[in-house]
Each structure stands twice: as C-alpha cells, then as structure tokens.
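Asker: the following block contains a protein sequence and its predicted model.
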Protein chains: 2
Amino acid sequence: MRVIKTVKEMEGVAKALRRSGKSVGFVPTMGYLHEGHLSLVKAARRENDTVVMSIFVNPIQFAPGEDLKKYPRDEKRDMELAEKEGVDILFIPSVKEIYPRKNLTFVEVKEITEYLCGGKRPGHFRGVTTVVAKLFNIVMPDRAYFGKKDFQQFKVIKKMVEDLNTDVEIVGCPIVRERDGLALSSRNIYLSEEERRSALSLYKSLILAKRTIESGEKSVENIKNRIRDFIFSFPHVKKIDYIEIVDQNSFEVVEYVKEGDLIALAVFIGNARLIDNWVVGEEL
Amino acid sequence: MRVIKTVKEMEGVAKALRRSGKSVGFVPTMGYLHEGHLSLVKAARRENDTVVMSIFVNPIQFAPGEDLKKYPRDEKRDMELAEKEGVDILFIPSVKEIYPRKNLTFVEVKEITEYLCGGKRPGHFRGVTTVVAKLFNIVMPDRAYFGKKDFQQFKVIKKMVEDLNTDVEIVGCPIVRERDGLALSSRNIYLSEEERRSALSLYKSLILAKRTIESGEKSVENIKNRIRDFIFSFPHVKKIDYIEIVDQNSFEVVEYVKEGDLIALAVFIGNARLIDNWVVGEEL
C-alpha cells in the first residue's frame, strides 16, 4: 500500500492511473475505520483495478460547537486496516494540503440539503460537497463509494455529480451493523457501556416502525410518535434531534408512508449524536 | 470541424482525446463571435493539439430583467468563423442538454464576487462558475481561455479552479479593441451609430485615467471623479453602473492607486451595459 500525503503526489498518481486505463475505485473517509468503511473498500475492490482511500477530517463540514476537535483519530490502526483490506493507495493529506490558502469556493446542493441533518447542521453539507468535489478532482476516480448510514449525504453527492456532469459513478453501500443491530459509526466510541445499550434504541425503533407499518399503519404522525415514545423509554437519551419520514429523493416530509420512503433518525445519546435510517420495504 | 450538440457525445469525444494523450484547449463562449473570441481560439490553437469551442447562452448567469432573451445569436455565422479560425470541435448544446432536470447544485466563489459586476448583477458569477464547472467536466480540457475584458470573471474562474483542485490551466488573453479603441463585445450590436460614438467614452476615460496617473495623481477619488465627469460629457450615457479602482486580486477598493491595480468601468450607453478595464501599468 502506497501512502500519499500531498495533493501534488496524489494528482500525479491519479493522472498516471487514468493514462494507464486502470479503473479507480475511491473510498473517501474521515478515518477511525470500522467495518462500515471496510465494506466500502470490499465493494471498490470487487469493481475496480485500483482502490484509493482517503482519510481527511474535513474541518469545513463541522458546524461551530460540533465535535471537530475531539473527532476520534488513529492513523496507525487505520493504515493497518486499510492495507489488510487491500487498499492500494492511502491518501492522508493535512488540512494545509487541502486548504492551502483561504478557501473562497463552495459547491452547494440546494433544497435537499435543507432537511434532516442539513437543517440541523448548518453548513454541513456545503462542507461535504465542497471537499468531495475537491477530492474527486484530485483522485479522478471512476467510482466512489459511500455508506447509506449517511443516506442524505449519499443522495446529496449523487445529485451534485449529476448536476455538475462529474464523471464519477456514485455507489451507495448498505449500512453495516453490529451483531445486535447498532449501526457502525466512528462516533460510537463516545458512548459509555450504558449509553451503548441506549444507542440500540435507534435500530430497535426502526424495527418497531417496520412492524407498525407491516401491521397496516400508514400515518406518519402515528409512526413518528411510536418511535419517539420508544426511544425516550431508554435512559441517557439526551435529545431527539429529529425523527422524520420523507420522500427518499426530495427529502420532503410525507403524510402517509409508502414503499421507498425514508425513515431517518438523529438522536443524542449522552454526548454522541447518532443517526440511523431505513428505506421502507428494504431489508433491515 | 465537428459540431456536437449533446453532452453525451461531447463527453465521449473528450474521454477519447484524454486517452489519446492529445492536449485540449477550450474556449467557452456565448456565441455571436467577434475578434475577441477569435483571439482566444488563436491562443488555444498555438498551445494545444485540439481546440474545442462551446457556444452556450447560459440562462442562470443572467439576473432577472437582464438581456437573456434578446442576447444576440447567429449560429450559422458563428460556425463559419469558428471553422475558419481552426476550431476542431464546436460544442453547441441546448439549454435542455445542460440543464436536463431541475439544477440544485451551484459552484460559488465568495468575497471576490461581491464587488464590481458581482455586486451589480446578483447571481451572475454563481451562474458563470456553475456552468464553467459543468463545461470543464464535460470537455475535460487541459487549458481554458478567457478574455480579460471580463477581468473579474477571469479572476473568479482562476480562483474557483485553484480552490477546487480542478486540473485545468486558466489562460487570460488581452482585451481586443476596434481600431478606435472600443472593446469588442457581443453587446455592441445593441448600439445605434450615435451610441457607438458615446461607447468610446469608456476606452477614452481609461486613457484619461492613465494620463492622470502618469502625471502624478494617486488619489482614487480624484481619478474616479475625472472619469465620471468625462463619461457624462458624452450623450446617451444613461447610467454609470460603477467606476472602481480596486486591488486586482481581492477586488477591494483602494484609496491610492498603484501599479497592478484594476480600473474597471460599467456604463449603460442607451440600453447596452458595456464594461471595460485597465490594469495600471499595463499596455492600453
């Protein structure tokens, strides 16, 4: 595995790969890798000649007061996991490499970023789309892999690429869960053992929603109330950031749930803001 | 000369050119070609194996009430001129090709777009940077050529490309003028014969500014006043949109003029909004 730390070197390697005709699969991450990230590498490995992973904790996608400073990092472990999983090129630039001077340019997707996490985290998606646009220009991948735990992020990036005619195929991969159902997240490290048990309320409430819908309930209000009551029945639930049932493309709220709609949750358990989701009709 | 009307075909050709290792020079235009555009083609011709020109009147860079509908067009003449000048590929997409569905994604350069034309034409530069980002993704050029009559546009695109790590070299080309000094513009067609004479006030006022500075005047206020009085001494001057003397990189106003500063004008002569500029110390 080749480790690259500068934009210039990465650009040179990317160009050489392009010229050689080898396909490149790209897995952009913020590091602190878990099986979710590694499932993206596996997918990229299957579908491309070369796999590039980036690790970059992108400051401009954190809103003021969020966990930028304490976001977990373990470069040594990440390098071992990436290498073991078959990553060919690991791109780990510094903040100064990615933002060498005052950045004035932003890529922004409107409307679908105003809901869910976009509504709750001002500037978050603008930071995500801007850095992803930059990384795509640097790495020049054929395909890029995103986890569907961040379902809205996946859709926002897909829309960005469509709108800007970017020559990258966006591949969404299923949520990876612990044996008991907890969606993998680098932020799970923030949880105490007790909070970890309460964090399971997200997944369990999705199961509850699934059963409720299967039993014939269609009212979004009723389903959301059931989810809310269920989550609040757990200790350490500091705040429900949102529980929403929305159209999976427009992210606009619906009144009656139907197949393909997205049930999305964001809950503060202790100090960790955790998210989870289920697309109605899909496996859970 | 190959004429291409669809994004898909242009993308295919661009990819094939990339693979072949041929360098591509790109001249994006809104058509109604004049010697200014053709000077860009000449520069592209000198420095690249293949020259691609696009003609696209981009609706999203016109503010409401501007001249989108009456913007001059002459596809047949443009094709002849482009071919004669040695353009290899002419890309003329329809609006539906470039915006096939509701566009939600915008590329925006902040701060330096708030001055001059950016301040006067809300959304203009956002429209320009968005369509240029799209065209760069479609055409995949090595170099792209812009006229310095639109000096701010040239700098904004240069900044966009730097900030987003876009692999395109931005080349700025000198203003092309009529024999009497009028800067070439597709919008000159809006001028009556009498207005045409008044339009010369822009160039002549820059000459006046040059002489004033050469005589030792440094006060921006004094220089601007001289320009204003001079321009208003012509008939058909409907409105001075702005007369500004700014730093050529930050576009912030300066108090005392120095070499490298930009003197920029926008004036309504009759119904035509004309612009012109001079970088202090350069040829005029």
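Answerer: Great, that's in hand.
Asker: and the residue nearest the centre of chain A?
Answerer: For chain A, the residue lying nearest the average C-alpha position, counting by CA atoms, centre = their mean, turns out to be residue A:150 (3.5 Å).
Asker: quick one: residues contacting the closest residue in space to residue A:140 that isn't next to it in sequence.
Answerer: Once flanking residues are discounted, residue A:140 sits nearest to residue A:14: 4.3 Å by CB to CB, 6 or more residues apart in numbering or on different chains. C-betas here are computed from N, CA, C, even on glycine. By CB atoms under 8 Å, 6 or more residues apart in numbering or on different chains, the contact set of residue A:14 is A:24, A:52, A:138, A:139, A:140.
Asker: and residue A:46, how many neighbours?
Answerer: For residue A:46, the neighbour count with other CB atoms under 10 Å in any protein chain shown is 9.
Asker: quick check: it is in a helix.
Answerer: Yes. Checked against DSSP: H, G, I helix; E, B strand; the rest coil, residue A:46 lies within a helix.
Asker: returning to what we had before: which residue, neighbours along the chain excluded, lies closest to the residue nearest to the centre of chain A?
Answerer: Excluding the flanking residues, the one nearest residue A:150 by CB to CB, 6+ apart is residue A:275, at 7.2 Å.
Asker: hang on, isn't the one you found packed against residue A:266?
Answerer: Yes. Assessed by CB atoms under 8 Å, residue A:275 is found in contact with residue A:266 at 4.7 Å.
Asker: list residues touching both of the two?
Answerer: The contact sets of residue A:275 and residue A:266 overlap at residue A:117 (CB under 8 Å, 6+ apart).
Asker: list the buried ones in stretch A:114-129?
Answerer: Buried residues in stretch A:114-129, counting neighbours by 16 or more other CB atoms under 10 Å in any protein chain shown, are found at A:115, A:116, A:117, A:118, A:121, A:123, A:124, A:125, A:126, A:127, A:128, A:129.
Asker: what does stretch A:23-31 give?
Answerer: A:24, A:25, A:26, A:27, A:28, A:29, A:30, A:31.
Asker: what's next to the helix or strand where the third one lies, contact-wise?
Answerer: This points to residue A:26. For residue A:26, the enclosing helix or strand under DSSP states H and E is strand A:24-29. Applying CB under 8 Å, 6+ apart, the contact partners of strand A:24-29 are A:14, A:17-18, A:37, A:40-41, A:43-45, A:47-56, A:87, A:132, A:135-136, A:139-146, A:168.
Asker: go again with 7 Å.
Answerer: With CB atoms under 7 Å, 6 or more residues apart in numbering or on different chains as the test, strand A:24-29 has contacts from A:17, A:37, A:40-41, A:44, A:47-48, A:50-55, A:132, A:135, A:139-145.
Asker: over to stretch A:173-190?
Answerer: Contacts of stretch A:173-190 (CB under 7 Å, 6+ apart): A:30, A:32, A:34-36, A:39-40, A:43, A:72, A:145, A:147-149, A:199-200, A:203-204, A:270-274, A:276.
Asker: kindly export it (C-alpha atoms) in PDB.
Answerer: This file holds the C-alpha atoms of stretch A:173-190, laid out as PDB (Å, rounded to 0.1, in the frame of the first residue of the first chain):
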ATOM      1  CA  CYS A 173     -23.500   0.600   0.100                       C
ATOM      2  CA  PRO A 174     -25.700  -0.900   2.800                       C
ATOM      3  CA  ILE A 175     -25.500   0.100   6.400                       C
ATOM      4  CA  VAL A 176     -23.200  -2.300   8.400                       C
ATOM      5  CA  ARG A 177     -24.500  -3.100  11.900                       C
ATOM      6  CA  GLU A 178     -23.100  -4.800  15.000                       C
ATOM      7  CA  ARG A 179     -24.500  -8.200  15.800                       C
ATOM      8  CA  ASP A 180     -27.100  -6.600  18.000                       C
ATOM      9  CA  GLY A 181     -28.100  -4.100  15.300                       C
ATOM     10  CA  LEU A 182     -26.200  -0.900  16.200                       C
ATOM     11  CA  ALA A 183     -25.200   0.900  13.100                       C
ATOM     12  CA  LEU A 184     -21.400   1.200  12.900                       C
ATOM     13  CA  SER A 185     -20.100   4.700  13.400                       C
ATOM     14  CA  SER A 186     -16.800   6.200  14.400                       C
ATOM     15  CA  ARG A 187     -18.800   8.200  16.900                       C
ATOM     16  CA  ASN A 188     -19.900   5.100  18.800                       C
ATOM     17  CA  ILE A 189     -16.500   5.500  20.600                       C
ATOM     18  CA  TYR A 190     -18.100   8.400  22.500                       C
END
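Asker: so the residue nearest to residue A:140 is in which element?
Answerer: helix A:7-20.
Asker: compute the inter-axis angle for that helix and helix B:7-20.
Answerer: Angle between the axes of helix A:7-20 and helix B:7-20 is 100 degrees (criterion: axes from the mean of the first three to the mean of the last three CA atoms, to 10 degrees).
Asker: mind checking how far helix A:7-20 is from the chain centre?
Answerer: 26 Å (CA atoms, centre = their mean, to the nearest Å).
Asker: list the buried ones in that helix?
Answerer: In helix A:7-20, counting by 16+ other CB under 10 Å, buried: A:7, A:9, A:10, A:11, A:13, A:14, A:17, A:18.
Asker: sort out for me which of the contacts of stretch A:173-190 are in strands.
Answerer: A:145, A:147, A:272, A:273, A:274, A:276 (DSSP state E).
Asker: pick the one among those residues closest to chain B.
Answerer: Among the ones in strands among the contacts of stretch A:173-190, residue A:145 lies closest to chain B (CB to the nearest CB), at 19.9 Å.
Asker: measure the spatially closest residue to the closest one that is not a sequence neighbour to residue A:85 for me?
Answerer: Nearest residue to residue A:145, sequence neighbours excluded (CB to CB, 6+ apart): residue A:40, at 4.0 Å. The gap separating residue A:40 from residue A:85 is 9 Å, by CB to CB, to the nearest Å.
Asker: out of those two, which sits in the more crowded spot?
Answerer: Shown here are residue A:40 and residue A:85; by other CB under 10 Å, residue A:40 has more neighbours (27 against 21).
Asker: ok, the more buried one - contacts?
Answerer: A:27, A:145, A:147, A:173.
Asker: same question, residue A:198
Answerer: Here residue A:198 is in contact with A:234, A:235, A:236, A:237, A:269 (CB under 7 Å, 6+ apart).
Asker: closest to residue A:66 among these?
Answerer: residue A:269 (15.9 Å; CB to CB).
Asker: show me what that closest one bridges to in the sheet.
Answerer: residue A:237, residue A:272 (DSSP bridges).
Asker: swap in the one 10 residues further on?
Answerer: Judged by DSSP bridges, the bridge partners of residue A:279 are residue A:262.
Asker: on the three-state scheme, residue A:67 is what?
Answerer: Secondary structure assignment for residue A:67 (three-state DSSP): coil.
Asker: pLDDT value on it, please?
Answerer: The score at residue A:67 is 93. That number is its pLDDT.
Asker: look up how far residue A:30 lies from it.
Answerer: Here residue A:67 is placed at a distance of 11 Å from residue A:30 (CB to CB).
Asker: contact residues of the stretch 101-250 of chain A facing chain B?
Answerer: A:103-112, A:133-134, A:137-138, A:159-160, A:163-167 (CB under 7 Å from any CB of the partner chain).
Asker: looking at those residues, which are in helices?
Answerer: Taking DSSP state H as the definition of helices, these contribute A:133, A:134, A:137, A:138, A:159, A:160, A:163.
Asker: now do the closest residue to residue A:37 other than its chain neighbours, the pLDDT please.
Answerer: Distances taken as CB to CB, 6+ apart place residue A:29 nearest to residue A:37, at 5.2 Å, with adjacent residues excluded. On the pLDDT scale, residue A:29 is placed at 98.
Asker: cool, and residue A:19?
Answerer: For residue A:19, pLDDT reads 88.
Asker: which residue packs closest to it, ignoring adjacent ones?
Answerer: residue B:21 is the one closest to residue A:19 (CB to CB, 6+ apart), at 7.2 Å.
Asker: longest helix anywhere in chain A?
Answerer: From DSSP H, the single longest helix across chain A is helix A:193-214.
Asker: any idea of the angle it forms with strand A:272-279?
Answerer: 20 degrees.
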